[in-house]
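Student: Here's my sequence, what's the structure:
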Amino acid sequence: FTEGVKQGELQQTIKFDDPQKTFELKFAPVGGELTKTAIANKLMNGNEVTWTVDINKASRDIKVAELSDVTTSTEMNHELLGDIEVYEITKVSMDGNVEVAATPTNTFTSFPINLGDINKPYRIVYKSKLKENKTTSFTNTATLTGTENGKQISQSDTFDIELPFYEHLVKQKDVKKEGQ
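Tutor: I've put the predicted structure just below:
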């Protein structure tokens with residue numbers, strides 16, 4: 001293979017010196033077919049997290065696709081904030097980078113979300129709000145289920161996010177020293 005084959009889109013045509021010999025190859029993206037990331041709204045004392053889940057990055061034919069994610073539980077200490085937006089991924093590179101449509105193709109109000117039969121990659125974006133502003137970390141898992149070629153499939157990814165929390169300093173007037 002040439003260096004050019006190691007970059008670019010997932011589906012590539014390999015050409016040889018003989019024009020009769022060409023092959024269509026489909027590569028798997030680096031990082032997997034389902035990836036999850038998160039970013040807090042602040043570096044310290046954050047109270048919202050934006051979650052991003054990219055699914056089906058290899059454009060497999062998945063029937064009855066459903067994405068689940070735990071956004072409300074006593075252990076998680078956070079709850080869904082607003083809608084869950086689904087965007088079509090218009091291009092996936094072999095290095096795992098994606099290009100995403102500017103407007104959502106669908107919105108949902110809760111998990112799990114039923115995506116139906118899919119054969120394209122999608123990006124799901126949603127926010128969660130902390131119930132209590134003293135949580136310092138989350139571990140959160142998204143899972144895509146469905147069937148492919150009559151077989152049940154399940155893909156998951158877990159993301160850990162740290163949210164440093166610091167108590168605010170309280171100024172006191174007229175603090176008296178002991179013995180005064």
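
Student: mind listing what the strand of greatest length in the chain pairs with, with the direction of each?
Tutor: Counting by DSSP state E, the longest strand found in the chain is strand 78-92. Here strand 78-92 has these sheet partners by DSSP bridges: strand 98-100 (antiparallel), strand 106-108 (antiparallel), strand 122-130 (antiparallel).

Student: Neighbours of residue 79, how many?
Tutor: 12 (other C-beta atoms under 10 Å). C-beta coordinates here come from the backbone N, C-alpha and C atoms, glycine included.

Student: same thing with residue 126?
Tutor: Using other C-beta under 10 Å, residue 126 is surrounded by 22 other residues.

Student: what sits against it?
Tutor: Residues in contact with residue 126 (C-beta atoms under 8 Å, 6 or more residues apart in numbering) are 50, 51, 71, 80, 81, 82, 83, 84, 85.

Student: ok, which pair from those is furthest apart?
Tutor: Greatest spacing in the contacts of residue 126, by C-beta to C-beta: 71 and 85 (13.9 Å).

Student: Would you mind telling me which of the two has more residues around it?
Tutor: residue 71 (20 against 16).

Student: shaky segments in this structure?
Tutor: For the chain, the stretches flagged by pLDDT under 70 are 1-13, 23-32, 71-77, 132-136, 165-180.

Student: Residue 53 reaches residue 69, doesn't it?
Tutor: Yes. In this structure residue 53 lies within contact range of residue 69 using C-beta atoms under 8 Å: 7.1 Å.

Student: overlap in contacts of the two?
Tutor: residue 142.

Student: So for the two, which sits in the more crowded spot?
Tutor: Neighbours were counted for residue 53 and for residue 69 using other C-beta under 10 Å; residue 53 has more, 24 against 21.

Student: Contact partners for the more buried one?
Tutor: Contacts of residue 53 (C-beta under 8 Å, 6+ apart): 34, 35, 36, 67, 69, 123, 124, 125, 142, 157.

Student: swap in residue 54?
Tutor: Counting by C-beta under 8 Å, 6+ apart, residue 54 has contacts 34, 35, 36, 89, 98, 121, 122, 123, 124.

Student: What helix or strand is it located in?
Tutor: Assessed by DSSP states H and E, residue 54 sits inside strand 48-55.

Student: circling back: and the contacts of residue 54 as CSV, adding neighbour count and distance to residue 130?
Tutor: Listed next are the contacts of residue 54 as CSV, based on neighbours: other C-beta atoms under 10 Å; distance: C-beta to C-beta, whole Å:
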residue, neighbour count, distance to residue 130
34, 20, 25
35, 20, 23
36, 20, 18
89, 18, 29
98, 16, 28
121, 24, 30
122, 23, 27
123, 21, 23
124, 24, 20
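
Student: which among the residues you listed gets closest to residue 107?
Tutor: Taking the contacts of residue 54 together and measuring to residue 107 by C-beta to C-beta, the closest member is residue 124, at 10.3 Å.
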